[in-house]
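In: when you get a sec, could you give me coordinates for this:
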Amino acid sequence: MKMLRMSLLLIMLFSLMSGICYGQTAEDYCDKGIAYFNKGIFDKAIAEFKKAIEINSTMDMPGSATSWYNLMQSLMTCQVSLLSSLEEEIEAFEEVLNSIGDDCQLAKLDLQAKLQGQQQVLLMITNIVKMMGEMADAVVRNIK
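Out: Down below sits the predicted model:
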């Protein structure tokens, strides 16, 4: 049991020392996360806050609450940003759908106009054929 405690103490001490040696304390990660957050780079901010939380939780540091708060704020802002983007995409899609609807209405009106024109041409052809038949009958009567 004493050996286990000593091992855990050494591991915690090594973790603390490695963070200090490389200058990567929980506060450093939190500061980097805040900088990313202020630039609007939420995915990197979230990663930095998670690192700060990881360090704080292994060392049982009170700064963990700040890191958790910053992480939650980043996640919420990221979600709001995502929702805003989705709303913009939906509006753009609705505009496309509306324009397609308008195009369909215009195409329908154009098709109706062409059909009416064809009906008029067909009626004219029918009248011409009828007149030609009448003329042929008249010519035949005059010949007799």
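
In: which stretches of the protein form helices?
Out: Applying DSSP state H to the chain gives helices spanning 2-21, 26-39, 42-59, 64-143.

In: could I get those as TSV with mean neighbour count and mean pLDDT?
Out: For the C-beta atoms, the positions are set from N, CA and C on the backbone; glycine is no exception. TSV is the format used below for the helices of the chain (neighbours: other CB atoms under 10 Å; pLDDT from 0 to 100):
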stretch	mean neighbour count	mean pLDDT
helix 2-21	10	53
helix 26-39	18	86
helix 42-59	19	78
helix 64-143	11	80
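
In: so for Gly44, what's the nearest residue that isn't a sequence neighbour?
Out: I think there's a mix-up here, since residue 44 is Lys and not Gly. Leaving out its chain neighbours, the residue that sits closest to Lys44 by CB to CB, 6 or more residues apart in numbering is Tyr36, at 4.3 Å.

In: quick check, that neighbour in contact with Phe42.
Out: Yes - the pair Tyr36 and Phe42 passes the contact test of CB atoms under 8 Å, sitting 7.4 Å apart.

In: residues contacting the residue positioned nearest the centre of the chain?
Out: By CA atoms, centre = their mean, the chain has its centre lying nearest to Leu86, at 4.9 Å. Contact criterion CB atoms under 8 Å, 6 or more residues apart in numbering gives no residues in contact with Leu86.

In: so Ser81 touches Asp43, yeah?
Out: No - if you go by CB under 8 Å, Ser81 and Asp43 don't touch, sitting 10.7 Å apart.

In: what touches both of the two?
Out: By CB under 8 Å, 6+ apart, no residue touches both Ser81 and Asp43.

In: and the closest residue to Asn70 other than its chain neighbours, how far from Tyr36?
Out: The spatially closest residue to Asn70, leaving aside those adjacent along the chain, is Phe49, at 4.9 Å (CB to CB, 6+ apart). According to CB to CB, to the nearest Å, Phe49 and Tyr36 sit 9 Å apart.

In: equivalent analysis for Leu106, please.
Out: 49 Å.

In: cool, Glu91 as well?
Out: With CB to CB as the criterion, Glu91 and Tyr36 are 29 Å apart.

In: ok, now Ile125?
Out: 76 Å.

In: what does Glu48 give?
Out: According to CB to CB, Glu48 stands 6 Å off from Tyr36.
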